[in-house]
Each structure stands twice: as C-alpha cells, then as structure tokens.
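Asks: Here is a sequence together with a model predicted from it:
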Amino acid sequence: MNGTAKLDRLAARGRPILACYFVLGDAQFDDALRDLYVEEGVDIFELGIPSADPYLDGADIADAMARVIADGGDGFGRMAELAEWFAARPSAPAGVCMAYADLDLRRLANIPLDGALVIGGEGAAITVPGAPRCGLLPLDRMLWDIDDARSWDGYVMVQSADGKTGPREALDPRLAETIAAAREAGIVRPILAGFGIGTPAQARQAIDAGADGVVIGSMCVRSVRQGSAAIRQFLRSVRSALDA
C-alpha cells in the first residue's frame, strides 16, 4: 500500500489527521520513538531530511538538522529504512518526505514514500519520482500558483501562521478563510494546517477552521528533547483534542 493509498485511507476515515515531524539522522528519533508515535495516534510521519539552509524552519528544527550534519549524518539512509518499514505495514502511518530543493533528491529514487513535500526551487516544480506530491500554500493568496496546487496528489499544507516554523501564541485569524479559499479554488486533497501549532487547543482550532488535520513540527522536536514522557504526553493531549 504505497503512493496515495494511505493518505486516501486517512482522508476517508473522517478522523482529524495528525502529522508529526521526525528528524532523520537524529539519534533521539530512533525506533523506540517511531513506535511511540504510532502508539499515540500519529497518522503521518513527516520525515525531515537535514538541510544546511532550512530557511523556513525555526530554531527547534533548524538546530536539530544542524546537529545531524555536525555529526556527519544526512538522513537519507534512515529515510530508506523507515519508508520500507511503513511500506511493509499497510495499517501503519504514512511516511512523507520533507526536504529542501538544495538536497540531492535523486537519492530518494526507488524509496517507497507515501508523499513528498519539497521546499524551494525556482521555475519548474521539484518532485520526487514515484512519490505523490504534497504542497505548501502560504497565507498570502497572491503567492499561490493554483493551477500547480490542483495537480498535487498528496496533501496540501496551509500555513496557519506567517514566517518560519515554530510555536506561536495564536494562529493567524485568516486561517479559516484561507482554507475556504483553497477549497473554492478546486483543491480536493486533504488540507492540513501547519506552522505555529504548538498546543492541543491550537490543533483543535485548526480543525474548527476547516482543516482536515494538522502538522506539528517544532513542538514535537522540543518535546523529544525533553524525554519520552514529555513527547508521549504532548502527542496524547493533541490526539485527544483533535478527536474531541
């Protein structure tokens, strides 16, 4: 069950989707944490490949990437390992690649991914061969390429706050109208709100604004740094808020 099959199953289920960041190459993001994510109801693993210039990421994720690179890692081997693990388990979460366009994406060839979201690149769309294409829509609709967005066959992330990733005190008040505009423009794939979601209440707020699910990155990385009890409690509280 590769390609869009898992994403389609998640969308059809009718339960809010929880996507969480997973830093590839970081020793703390090991198999025990993988299993903890599964146990606490994570639906999509956003498999983040470290980049030397993660210009859209705030300190939590950027620092994690820098640690991997400083230790001589790049995350590609871990990507292949995890993707194979997900592919062999149809009921397991989906594995979606998160990468910047400066990376050598040819190294992802033949890896069974459920989707890929590539940030950056000028002109032609940057894709990962064989992987459904996910995409990012900013809050500023003037920056949308809606014809391109309609072609995405993975999921669509809508920014819930401007700027880099990282927790915010509040989500942007334009989130609901941005999601509605995406639907009106013909986006039919699942819409996940990301950037700035750091609390269970904000996760629920995004669902109430019309999102099919949420993407949480920085707070997952921060909680992992605090230990297994902290990340378990955080994920459990978010899952409970989404399902309320």
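Replies: Happy to help now that I have it.

Asks: For the rest of this, base every contact and every neighbour count on C-alpha atoms.
Replies: Noted.

Asks: Against which helices or strands is the lengthiest helix in the chain packed?
Replies: Longest helix in the chain, counting residues (DSSP state H): helix 228-243. Helices and strands touching helix 228-243, as assessed by 3 or more C-alpha pairs under 8 Å, 6 or more residues apart in numbering; DSSP states H and E, comprise helix 31-39, helix 200-208, helix 218-226.

Asks: which residues in this structure form strands?
Replies: 17-23, 44-48, 94-100, 115-119, 135-137, 156-159, 191-194, 213-216 (DSSP state E).

Asks: show me where pLDDT drops low in this structure?
Replies: 1-3, 121-126 (pLDDT under 70).

Asks: Skip the chain neighbours and tell me the closest residue to the residue most central in space within it.
Replies: With distances taken as C-alpha atoms, centre = their mean, residue 46 lies nearest the centre of the chain, 4.1 Å away. Using C-alpha to C-alpha, 6 or more residues apart in numbering and skipping residues adjacent in sequence, the residue nearest residue 46 is residue 21, 4.6 Å away.

Asks: pretty sure the one you found is in contact with residue 45, am I right?
Replies: Yes - between residue 21 and residue 45 there is a contact under C-alpha atoms under 8 Å: 6.0 Å.

Asks: okay, the two: which has more neighbours?
Replies: residue 45 (26 against 23; other C-alpha atoms under 10 Å).

Asks: ok, so what distance separates that one from residue 34?
Replies: Distance, residue 45 to residue 34, using C-alpha to C-alpha, to the nearest Å: 9 Å.

Asks: same deal with residue 88?
Replies: 15 Å.

Asks: now residue 65
Replies: 18 Å.

Asks: Might you report the residue contacts of the residue nearest to residue 46?
Replies: 45-48, 215-218, 220-221 (C-alpha atoms under 8 Å, 6 or more residues apart in numbering).

Asks: same question, residue 78
Replies: 24-25.

Asks: tally of neighbours for residue 169?
Replies: 10.

Asks: Relative to residue 196, how far out is it?
Replies: 8 Å.

Asks: same question, residue 130
Replies: In terms of C-alpha to C-alpha, residue 130 sits 30 Å off from residue 196.

Asks: the more surrounded of the two?
Replies: Set side by side, residue 130 and residue 196 give different neighbour counts by other C-alpha under 10 Å, the larger being at residue 196 (28 against 17).
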